[in-house]
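Asks: got a predicted structure here, sequence first:
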Amino acid sequence: MSLLPRSALATLVLATACSSASPSAISHSTASPSTVTPLATPHPAVSPSAAGHTIPALLNASDLYAADRPGQLSSEASHALSLVYVPDSADGTVHVIDPTTFKVVRVSKVGLVPHHVTPSYDLRTLWVDNTTGNSLTPIDPRTGRFGTPVPVDDPYNLYFTADGRHAVVVAERLQRLDFRDPHTMALQHSLHVPCSGVDHADFSADGTHALFSCEFSGQMLWIDMVHQRVERTLTLPRQGSQRPKPQDVKISPDGKVFYVADEDSNGVFLLDAHTLKVLSFLPTGLGAHGLYVSRDSKDLFITNRKGASVSVLSFTSRKIRAIWPVPNSSPDMGGVSADGKVLWLSGRYSREVYAIRTSDGHLLARIPVGGQPHGLCVWPQPGRYSLGHTGVLR
């Protein structure tokens, strides 16, 4: 039996013929494919920002994720093959998984130490962030074909400004944010950052600013993304004897609170999105790391990398409403399926990928994928445009 629908399989086989990598197959149980439909409006409306730039207007001012509802694929994303791309930092490959069969259908060689797979702003390209390889490998999501790597300094992570004018390469080792052309990746401006370990971010409700985490110095940076400058640096408070080690960042649907996962504090900080004041700290589990919003904007899924679990936080109550154990695991980075029914996560130190049912936390599959899987990307995803990482869409 084919792993993909016949038309998709033919396309992927053709793409594979252009690669030197060899595919592998892994047997697991099957699940029903997702049903997705294009958005009625292929391009988002835009509105002026204070600086004269244009940023897409919100569909719903009280819900930043209103465009991310199940099945609301853009015209571009609706033509993409339904696949899960898993970068392996240990061996410089990307494992490609069919989400309907839970089987690896391809393994493709990329650059050294790939950490994340990032959708481009216009959703036409997926970029593999090859950190030590100093390159970005493009993937055509319509065919699954891997292209020629583009030279880029130290791309640990990748974001895009809300107006779509700039790609922002997070050069963690070099302590820089490199603003680049979003298509060619030509360097436009390098911004030195006054912290150590800059890596993850999310944007303000109006898209003009971004809050970046600095894991090695326990700090957060408030960046003016329009004028490309650091406005504020704040140090997170200690929880007990441990110095904070902030990781992923996510803004609440109403745009009022930033949630910051902290691996060494074992929970999430809640910061006022306007004043950046720390409102509270909420314990979630050992090694809190990745943050993912449910497709109905009601819950935040928090991966506890050292605690072998996923915590489910209610945005309404700002409390943990459930904890899903994932035995013998290290859940890390990932994303939610287009229909919202499956949370896909890499097992950073367990050499596998997890597919978890979002209705009750039931583990659907554990898929072996190599040495050190990290920032996997589920594609396609709903939304009008991408702000980066493994799928921060609006």
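Replies: Arrived safely. Keep in mind it's a predicted model, so treat the numbers as computed, not measured.

Asks: would you map the strands across the stretch 201-350 of the chain?
Replies: 209-214, 219-224, 229-235, 246-251, 257-262, 267-272, 278-283, 288-293, 299-304, 309-314, 319-325, 331-336, 342-347 (DSSP state E, counting those that start in this stretch).

Asks: for Gly287, which non-adjacent residue is spatially closest?
Replies: Closest residue to Gly287 apart from its sequence neighbours, by C-beta to C-beta, 6 or more residues apart in numbering: Lys306 at 3.0 Å. The C-beta positions use only the backbone N, C-alpha and C, and glycine is treated the same way.

Asks: ok, back up a step: make TSV out of the strands of the stretch 201-350 of the chain and add mean pLDDT, distance to Pro380 and mean neighbour count.
Replies: TSV is the format used below for the strands of the stretch 201-350 of the chain (pLDDT from 0 to 100; distance: least, C-beta to C-beta, whole Å; neighbours: other C-beta atoms under 10 Å):
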stretch	mean pLDDT	distance to Pro380	mean neighbour count
strand 209-214	98	24	24
strand 219-224	98	28	21
strand 229-235	98	34	13
strand 246-251	98	20	26
strand 257-262	98	25	25
strand 267-272	98	28	22
strand 278-283	98	32	15
strand 288-293	98	16	26
strand 299-304	98	19	26
strand 309-314	98	23	21
strand 319-325	98	25	14
strand 331-336	97	11	27
strand 342-347	98	13	27
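
Asks: how about those in a markdown table, adding distance to Arg394?
Replies: Shown next, in a markdown table, are these (distance: least, C-beta to C-beta, whole Å):
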| stretch | distance to Arg394 |
| --- | --- |
| strand 209-214 | 13 |
| strand 219-224 | 18 |
| strand 229-235 | 22 |
| strand 246-251 | 10 |
| strand 257-262 | 15 |
| strand 267-272 | 20 |
| strand 278-283 | 23 |
| strand 288-293 | 11 |
| strand 299-304 | 16 |
| strand 309-314 | 20 |
| strand 319-325 | 25 |
| strand 331-336 | 15 |
| strand 342-347 | 20 |
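
Asks: and the residue nearest to Gly287, how many neighbours?
Replies: With neighbours defined by other C-beta atoms under 10 Å, the count for Lys306 comes to 17.

Asks: mind listing what it touches?
Replies: Glu263, Asn266, Gly285, Leu286, Gly287, Ser330 (C-beta atoms under 8 Å, 6 or more residues apart in numbering).

Asks: for it, phi and psi?
Replies: Torsion angles at Lys306 (phi, psi; degrees, to the nearest 10) stand at phi -90, psi -10.

Asks: what's the distance between it and Met333?
Replies: For Lys306, the distance to Met333 (C-beta to C-beta, to the nearest Å) stands at 14 Å.

Asks: helix or strand: which one has Tyr159?
Replies: Here Tyr159 sits within strand 157-160, counting by DSSP states H and E.

Asks: just the mean pLDDT for that strand, thanks.
Replies: Strand 157-160 carries an average pLDDT of 98.

Asks: got the angle between the helix or strand just after it and strand 219-224?
Replies: Moving toward the C-terminus from strand 157-160, the next helix or strand (DSSP H and E) is strand 167-171. Orientation check (axes from the mean of the first three to the mean of the last three C-alpha atoms, to 10 degrees): strand 167-171 against strand 219-224 gives 160 degrees.

Asks: in terms of secondary structure, what does strand 167-171 contact?
Replies: Identification of packing neighbours for strand 167-171 by 3 or more C-beta pairs under 8 Å, 6 or more residues apart in numbering; DSSP states H and E yields strand 157-160, strand 176-180, strand 198-203.

Asks: what's near enough to touch the nearest residue to Lys277 once chain neighbours are set aside?
Replies: Counting by C-beta to C-beta, 6+ apart, the nearest residue to Lys277 once its immediate chain neighbours are dropped is Leu271, at 6.8 Å. Residues in contact with Leu271 (C-beta under 8 Å, 6+ apart) are Leu211, Met220, Val257, Phe258, Tyr259, Val260, Lys277, Val278, Leu279.

Asks: and if you look at His116?
Replies: Pro87, Val128, Asp129, Tyr156, Asn157, Leu158, Met333, His374, Gly375, Cys377, His389, Thr390.

Asks: grab the two from those that are most spread out in space.
Replies: Tyr156 and Cys377 (15.2 Å; C-beta to C-beta).

Asks: which one's more surrounded, the two?
Replies: Cys377 (28 against 22).

Asks: wait, that one touches Ser120, no?
Replies: No. At 11.3 Å, Cys377 and Ser120 do not qualify as touching, with contact defined as C-beta atoms under 8 Å.

Asks: quick check: neighbours shared by those two?
Replies: Overlap of the contact sets of Cys377 and Ser120 (by C-beta under 8 Å, 6+ apart) consists of Leu126.

Asks: how far away is Tyr156 from Thr132?
Replies: 10 Å.

Asks: so Ser213 makes contact with Gln247?
Replies: Yes. Applying C-beta under 8 Å, one finds Ser213 in contact with Gln247, separated by 6.1 Å.

Asks: what is in contact with these two at once?
Replies: Asp199, His200, Val260.

Asks: closest to Thr100 out of these?
Replies: Nearest to Thr100 among the shared contacts of Ser213 and Gln247, counting by C-beta to C-beta, is His200 at 29.8 Å.
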